[in-house]
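Student: sequence unknown, structure follows:
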């Protein structure tokens, strides 16, 4: 089964030495996790991102940074694991878990890149209020699938590099490691906040094109963040 892992931490300026140490830590994690990592990348700062609300019919675009959030998404992975316990063991070893958190969500189908991403790419996090969960396989879910199929047909085949729905917030697990101790909490990291119910990885020539494509996604809120392109995945 595949699991979506959203990495969350405070944004901070790093010295070249700090950046090199962080890169070494992630390289070590990648070597340990091996083929269990199916996709992933760091995200550029929220100042380069946008939040899109209102849905495709009346999208409102707000530039980052997102001041209301003390801690924000800073990266993502897609893990292949036999079960949740195995996925959580992978999440524990993500370097961000020692100072931030890793949200782990079961994925409901979808696709991931089969080749390393090239060019400029973005992740679109599809956010919904936590009190409006949609269960995969339900009539509401199937209706949403139809809307996303229409979206994919409207933008053509060149923009969507990956994407998947996520199971409801009740299935999410947050992983932290403090002083070597594993801390596991049921549910998303920020209680009561809008939560992801899906994601796309989009290819676009520039930010304007990425925003145009993301504005067509059938979701209450879309947070669009550029991929840093440092993972090689």
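Tutor: Ah, there it is. Just so it is clear, the model here is predicted, and its values are computed rather than measured.
Student: name the helices or strands packed onto the helix or strand of the chain with the lowest mean pLDDT?
Tutor: Every helix and strand of the chain was ranked by mean pLDDT, DSSP states H and E. The lowest is strand 195-203, at a mean of 88. Helices and strands touching strand 195-203, by 3 or more C-beta pairs under 8 Å, 6 or more residues apart in numbering; DSSP states H and E, are strand 2-9, strand 101-111, strand 121-128, strand 160-166, helix 207-214. Yep, even glycine has a C-beta here, placed from its N, CA and C like the rest.
Student: for this structure, which segments count as strands?
Tutor: For the chain, applying DSSP state E gives strands covering 2-9, 37-42, 50-53, 60-63, 72-80, 101-111, 121-128, 160-166, 173-178, 181-186, 195-203, 221-226.
Student: any idea which of the ones you listed gets closest to residue 137?
Tutor: For the strands of the chain, proximity to residue 137 was assessed by C-beta to C-beta; strand 101-111 is nearest, at 8.4 Å.
Student: okay, buried residues for the closest one please.
Tutor: Neighbour-count burial for strand 101-111 flags 101, 102, 103, 104, 105, 106, 107, 108, 110 (criterion: 16 or more other C-beta atoms under 10 Å).
Student: likewise stretch 53-68?
Tutor: So stretch 53-68, judged by 16+ other C-beta under 10 Å, has buried residues 53, 55, 56, 59, 64, 66.
Student: for the first one, give its distance to residue 134.
Tutor: With the distance defined as C-beta to C-beta, to the nearest Å, residue 53 ends up 18 Å from residue 134.
Student: and if you look at the second one?
Tutor: When distances are taken as C-beta to C-beta, residue 55 and residue 134 turn out to be 15 Å apart.
Student: equivalent analysis for the last one, please.
Tutor: Distance, residue 66 to residue 134, by C-beta to C-beta: 24 Å.
Student: with the fourth one instead?
Tutor: Distance from residue 59 to residue 134, counting by C-beta to C-beta: 21 Å.
Student: and the helices and strands packed on strand 195-203: which comes nearest residue 36?
Tutor: Nearest of the helices and strands packed on strand 195-203 to residue 36, taken as C-beta to C-beta: strand 2-9 at 9.7 Å.
Student: what strands line up against that closest one, and which way round?
Tutor: Strand 2-9 pairs in its sheet with strand 72-80 (antiparallel), strand 101-111 (antiparallel), by DSSP bridges.
Student: next, the angle from that strand to strand 173-178.
Tutor: Strand 2-9 and strand 173-178 meet at an angle of 50 degrees, taking axes from the mean of the first three to the mean of the last three C-alpha atoms, to 10 degrees as the criterion.
Student: now find how far off-centre strand 2-9 is within its chain.
Tutor: On the basis of C-alpha atoms, centre = their mean, to the nearest Å, strand 2-9 sits 6 Å off its chain's mean C-alpha point.
Student: what does stretch 92-104 give?
Tutor: The chain centre lies 14 Å from the centre of stretch 92-104; the measure is C-alpha atoms, centre = their mean.
Student: not counting its own residues, what contacts that stretch?
Tutor: Here stretch 92-104 makes contact (C-beta atoms under 8 Å, 6 or more residues apart in numbering) with 3-10, 22, 25-26, 29, 32-33, 71, 74-75, 77, 79, 84, 87-88, 91, 172-178, 182, 188-189, 196.
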